[in-house]
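1. what's the 3D shape of this:
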Amino acid sequence: MSKIELTRFRIKKGKEEKAQEWMDFLNNHHQDTVATMAGEKMFVETVFKEECSDGYTYFYWYSLQGEGGKAVEESDSYIDQKHLEYWNECIDNAYRPVDMKVIEDLIAPKINKIIQSD
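-> Residues are numbered from 1 along each chain as shown. Here you go, the predicted structure:
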């Protein structure tokens with residue numbers, strides 16, 4: 001069984017550039033970032049950015065993850081340590097994250113077979 005999530009997080013006011021730096025860091029270290037996913041049993045992770053009329057920037061985190069993965073907080077990887085550092089600096093804890101409800105998920109049989117075998 002896999003876990004599919006889409007969650008909306010708010011970026012702290014004044015941390016928009018730092019949040020972009022964070023995404024640039026992950027993208028610039030793509031190979032090392034993807035390498036951390038195996039321990040988390042993370043199959044897909046995508047971040048979307050929304051700049052709203054309320055003056056806030058929001059990140060939407062989409063993930064497809066298998067069961068029994070290691071939490072990012074348990075990782076010794078420099079990528080994950082830096083990721084958490086950015087997270088703590090940029091994510092607005094005063095805003096309650098919004099978890100979207102999955103109402104349909106379609107995974108191609110070939111991909112689902114890989115996920116189920118992992």
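
2. Now do the buried residues in the helix or strand of the chain with the lowest mean pLDDT.
-> Here the helix or strand of the chain ranked lowest by mean pLDDT, DSSP states H and E is helix 109-117, holding a mean of 86. Buried positions in helix 109-117, judged by neighbour count with 16 or more other CB atoms under 10 Å: I115. For every residue, glycine as well, the C-beta is placed using N, CA and C.

3. what does stretch 77-84 give?
-> I79, D80, H83.

4. what's the closest of the residues you listed to K41?
-> Of all the buried residues of stretch 77-84, D80 has the smallest distance to K41: 14.2 Å, by CB to CB.

5. and the next element down the chain from the helix or strand where the closest one lies?
-> Using DSSP states H and E, D80 sits within helix 78-90. Under the assignment DSSP H and E, the closest C-terminal helix or strand after helix 78-90 is strand 98-99.

6. Quick one: distance of that following strand to the chain centre.
-> A distance of 13 Å separates the centroid of the chain from that of strand 98-99, by CA atoms, centre = their mean, to the nearest Å.

7. ok, residues contacting it?
-> E5, L6, T7, R8 (CB atoms under 8 Å, 6 or more residues apart in numbering).

8. gap between the host helix or strand of the last one and the chain center?
-> Think R8. Element membership for R8 (DSSP H and E) is strand 2-10. Chain-centre distance of strand 2-10: 8 Å, with CA atoms, centre = their mean.
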